[in-house]
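J.: Here is a sequence together with a model predicted from it:
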Amino acid sequence: DRIWELASPAKYTWKDNFFCWRNNKADPGIRFNMNGAVGNSDCVQLKEGAAKSWMDNFLCVPPTSPYTFSWVYSNALRDGQQRDGKKCIQWIEPADPQTWHDNYLCHYPLSYPDRRRHKSVQRRASSVGRAQVCTEDNVDYWGADLRNFRAKNFNHCAMECAKDTLKGCRSFTFHKKSGHCWLKHTPFGAKYTKGKNDLMSANLNCDSFSKLPSWPADFKWAFAGPPKGYTCVKIWEAASPPAHTWNDNFMCWRNDRADPGFRWSMAGPIPGQRCTQIIEGAEPVKYTWRDNFLCVQYNSPYHLSWTFSNALMSQQVAQGKKCIQWLEGADPHTWKDNYLCNKPYSGAYVYNSLPSWPEDFKWSNAGVPAGYHCDRIWELATPAKYTWKDNFFCWRNNKAAPGIRFNMNGAVGNSDCVQLKEGAAKSPNSHCVQIIEGAEPAKYTWKDNFLCVPPTSPYTFSWTYSNALRDAQQRAGKTCIQWREPADPHTWNDNYLCHAQVYSVDARRHRSNQW
């Protein structure tokens, strides 16, 4: 597209300036306008303070474009964009004396963008009443059922799912001949099957799959297991008596939203993350509630605060925050006035792609590496001299959160978990891989450790605990990343997490091949 200001003197040679894209790519819809922003478009002003004639020039894209450009006209402003993770392309015209040597167009790195900003999942989108549905014909979203009934028609099926949103309805399948309707608590159900000619399936509000959950509307506290329609982080304290039933407490968010990055630690703040202490002063010291934290990455839009009395909660509300009560009725130590608070937040879209395997992932046995976000891999029962406390599984910090969570007390409900051990065990409604080293003594409790992802995740990990098993994974076409802790003497030198190579990963498991 030609970039030209007619009012610039000819000697400044703007007539031959162009902003370009490869000719084997689709038209990105970029248009330059020298007389103000274009109506019904998303525009960024191309301003150079030293050039008065450049005050009404804009670069515009259609409102459905995946591109959200920003413009800077100094090296200092460019540096700020780069610190935020953006990449910048310099626009330079050496013949123009008015400082056109420090101007840049910036954007987050973006690989293989979908031409319909948030709609890579959609085959056909329509509105049914107030509900937006993304429909797939001849497809079955099997399992993950909330309820079923005989519907009048497809629209009736969709409206019932919309009514049951608070009960966890996220998708549905409709039988085109019998009118039978199955409401589902998981996007795309538990199993996705094409070629089912009698069925039509749909997700509710699939525009929001790449959107962070809003606070407080999209979050929920649960003290009796993970609720249907939600993905959760487990909140527990191992030292609490079983009678206090903390083992089934969860902080949750809608499972049709992007991962907010919440992580729980019962042994101090997680290095490299911004953590909020979760404390109840009435808990006896022996139950060790004084070192428990809920953490997010430093660039998270959530700025959480914690209160442990109604008076403190009222102060938070007076400051404009909204609070969600954390209640465990079985714990007698005043867990009836505890709240997690945050300013109201309308979830923003996550434009970064998920990390590719294996190049965007990394294992570290010596803390959080620069340029990465991580989940800590730690078994509390392991002796301190084995130094598991500083072990992390990481992904590049310019990628969307992959939703990976390590749990040292069994598979997380409503998650896909891989057990890091021999003979993987599965929990109902869980997708976890068990993490185990068979040579570890039983007293170090490595037999109940799992790595989990949300049920809609595109990742399906497998775990091996010998070089022979790793070789078998590689023969099957997978690539493996070694997990190694040299200070642990129990053969942690032949353990690997494996996955098929994936690039430009779609956040929604079955969607990358859809138009």
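T.: That came in fine, so what should we check first?

J.: What segments of the stretch 201-350 of the chain are helices?
T.: Assigned by DSSP state H, counting those that start in this stretch, the stretch 201-350 of the chain shows helices spanning 310-318.

J.: got the residue ranges for the strands in the stretch 201-350 of the chain?
T.: For the stretch 201-350 of the chain, the strands defined by DSSP state E, counting those that start in this stretch occupy 219-222, 230-234, 250-254, 263-265, 273-277, 293-297, 305-307, 322-326, 338-342.

J.: The fourth one pairs with which strands?
T.: For strand 263-265, the paired strands and their directions (DSSP bridges) read strand 293-297 (antiparallel).

J.: returning to that earlier point: and the strands of the stretch 201-350 of the chain: which comes nearest Asn203?
T.: Among the strands of the stretch 201-350 of the chain, strand 250-254 comes nearest to Asn203, with 12.4 Å by Cβ to Cβ. From N, CA and C alone the C-beta is placed, and that goes for glycine too.

J.: could you say what helices and strands that closest one packs with?
T.: Applying 3 or more Cβ pairs under 8 Å, 6 or more residues apart in numbering; DSSP states H and E, one finds that strand 250-254 contacts strand 219-222, strand 230-234.

J.: relative orientation of that strand and strand 293-297 in degrees?
T.: 30 degrees (axes from the mean of the first three to the mean of the last three Cα atoms, to 10 degrees).

J.: Could you identify which of the helices and strands packed on strand 250-254 has the lowest mean pLDDT?
T.: For the helices and strands packed on strand 250-254, mean pLDDT drops lowest on strand 230-234, to a mean of 90.

J.: helices or strands up against that strand?
T.: The elements that strand 230-234 packs onto, with contact taken as 3+ Cβ pairs under 8 Å, 6+ apart, are strand 219-222, strand 250-254, strand 263-265.

J.: Name all residues that make contact with the spatially most central residue of the chain.
T.: Most central in the chain under Cα atoms, centre = their mean is Asp259, positioned 2.8 Å from the mean C-alpha point. Counting by Cβ atoms under 8 Å, 6 or more residues apart in numbering, Asp259 makes contact with 231, 400-403, 454.

J.: Then Ser300?
T.: Ser300 makes contact with 260-261, 274, according to Cβ under 8 Å, 6+ apart.

J.: From the residues you listed, pick the one nearest Asn342.
T.: Pro260 (10.5 Å).

J.: Ok, which of the helices and strands packed on strand 230-234 comes nearest Asn33?
T.: Asn33 sits nearest to strand 250-254 of all these, at 39.3 Å, using Cβ to Cβ.

J.: now the closest one against strand 338-342, angle please.
T.: Using the same axes, to 10 degrees: strand 250-254 against strand 338-342 is 40 degrees.

J.: element containing Asn148?
T.: Using DSSP states H and E, Asn148 falls within strand 145-150.

J.: So which elements touch that strand?
T.: Partner elements for strand 145-150 (3+ Cβ pairs under 8 Å, 6+ apart): strand 180-184.

J.: quick one: buried residues of the strand it packs on?
T.: Neighbour-count burial for strand 180-184, with 16 or more other Cβ atoms under 10 Å as criterion, is recorded at 180-184.

J.: Tell me which strands that strand pairs with, and in which orientation.
T.: Strand 180-184 has the following strand partners under DSSP bridges: strand 145-150 (antiparallel), strand 171-175 (antiparallel).

J.: what's the distance between the next helix or strand after the longest one and the middle of its chain?
T.: Moving toward the C-terminus from strand 145-150, the first helix or strand encountered (DSSP H and E) is helix 154-163. Helix 154-163 has its C-alpha centroid displaced from the chain centroid by 27 Å (Cα atoms, centre = their mean, to the nearest Å).

J.: swap in stretch 463-477?
T.: 28 Å.

J.: That stretch - what's its average pLDDT?
T.: Average pLDDT, stretch 463-477: 94.

J.: Send me it as PDB with only the CA atoms.
T.: Once non-C-alpha atoms are left out, stretch 463-477 reads as follows in PDB (Å, rounded to 0.1, in the frame of the first residue of the first chain):
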ATOM      1  CA  TRP A 463       5.500 -39.300  30.000                       C
ATOM      2  CA  THR A 464       8.400 -41.700  30.000                       C
ATOM      3  CA  TYR A 465      10.800 -42.800  32.700                       C
ATOM      4  CA  SER A 466      13.400 -44.600  30.700                       C
ATOM      5  CA  ASN A 467      15.500 -44.000  27.600                       C
ATOM      6  CA  ALA A 468      13.900 -47.100  26.000                       C
ATOM      7  CA  LEU A 469      10.400 -45.700  26.500                       C
ATOM      8  CA  ARG A 470      11.600 -42.300  25.100                       C
ATOM      9  CA  ASP A 471      12.900 -44.100  22.000                       C
ATOM     10  CA  ALA A 472       9.500 -45.700  21.500                       C
ATOM     11  CA  GLN A 473       7.800 -42.200  21.700                       C
ATOM     12  CA  GLN A 474      10.300 -40.800  19.200                       C
ATOM     13  CA  ARG A 475       9.700 -43.700  16.800                       C
ATOM     14  CA  ALA A 476       6.000 -42.800  17.000                       C
ATOM     15  CA  GLY A 477       6.800 -39.400  15.800                       C
END
